[in-house]
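>>> generate a structure from the sequence data that follows.
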Amino acid sequence: MRELAKRFGSTTALEGMTWAARQGEVTAVLGPNGAGKTTTIECAEGLQRPDSGEVRVLGADPWGAGPDHRAAVGVMLQDGGLPNGSTPVRLLRHLAAFHQSPANIDALVKRLGIDAFAGTTVRRLSGGQKQRVALAAALLGRPEVAFLDEPTAGLDPHARLDAWDLLRETCDTGCAVIVTTHSFEEAERLADHIVIVHRGRVAARGSLAELTGKSSLEDVYFSLTRESAR
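A predicted model of the protein is given here:
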């Protein structure tokens, strides 16, 4: 994306947002609530139309992209976006039917621990359980690009580690994995490339080593956001 801008009435959500994600890498978009992470990802998914600037995903403008493009893009929304009346495995099998070569649903269900609550309807799942189902739904089509909005929010430490391992393996298939997060640990442990956003702008971007040097990511982040807030 280049010089992306998005406004909601008098509120500027994004201003001059510019960064790129590479195939076979995990890109973490790091920032606090309200920084513009979700709006940025929604523009890249084609769910929001930017007011100006340019977005290209797999060479196409996602706003007007066709079904072949959308089938190659995995999406995990912040609120899950799951139908409440379905059970997890029934939902995943239904979604898999839209893809020519979906992932092995049974293996994915076991990998994310969904088998432990497979018979429970979505409305009765905990927040962390819904996160696991939403993550599985985003990855079951073997996407070339995956946009995951805070994928480990609400997960316990063990489940978070399992999710990180799965995302690294997904990345190793050549998928470009884009993760929004407000967790310094997640960005440090998972990402090849980090984009720090603050107040709708890119404060810094680069690898962990490029951004931090001898400092911690947390120190760099707070230094950058204090400077941009002046």
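>>> and the contacts of stretch 216-230?
For stretch 216-230, the surrounding residues in contact (CB atoms under 8 Å, 6 or more residues apart in numbering) are 30, 184, 187-188, 194, 196, 198-199, 201, 203-204, 208, 211-212, 215. In this view, the C-beta of every residue, glycine as well, is placed from N, C-alpha and C.
>>> buried stuff in it?
Residues of stretch 216-230 classed as buried by neighbour count (16 or more other CB atoms under 10 Å): L217, V220, Y221, L224, T225.
>>> now do the SS call for the most centrally placed residue in the chain.
In the chain, the residue lying closest to the centroid (CA atoms, centre = their mean) is L148, at 1.9 Å. On the three-state scheme (DSSP: H, G, I helix; E, B strand; the rest coil), L148 is labelled strand.
>>> show the backbone phi and psi for the closest residue in space to it that isn't next to it in sequence.
By the measure of CB to CB, 6 or more residues apart in numbering, the closest residue to L148 outside its immediate chain neighbours is M76, 4.4 Å from it. In this entry, M76 is assigned phi and psi values of phi -120, psi 110 (degrees, to the nearest 10).
>>> list the contacts of M76.
With contact taken as CB under 8 Å, 6+ apart, M76 is in contact with A134, L135, A137, A138, A146, F147, L148, D149, P151.
>>> dump those residues to a markdown table, plus pLDDT.
Formatted as a markdown table, the entries for the contacts of M76 read as follows, by pLDDT from 0 to 100:
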| residue | pLDDT |
| --- | --- |
| A134 | 95 |
| L135 | 96 |
| A137 | 96 |
| A138 | 97 |
| A146 | 98 |
| F147 | 97 |
| L148 | 97 |
| D149 | 93 |
| P151 | 93 |
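>>> about what we covered before: quick one: buried ones out of the contacts of stretch 216-230?
Looks like the contacts of stretch 216-230 have 30, 184, 187-188, 194, 196, 198-199, 201, 203-204, 208, 211-212 buried, using 16+ other CB under 10 Å.
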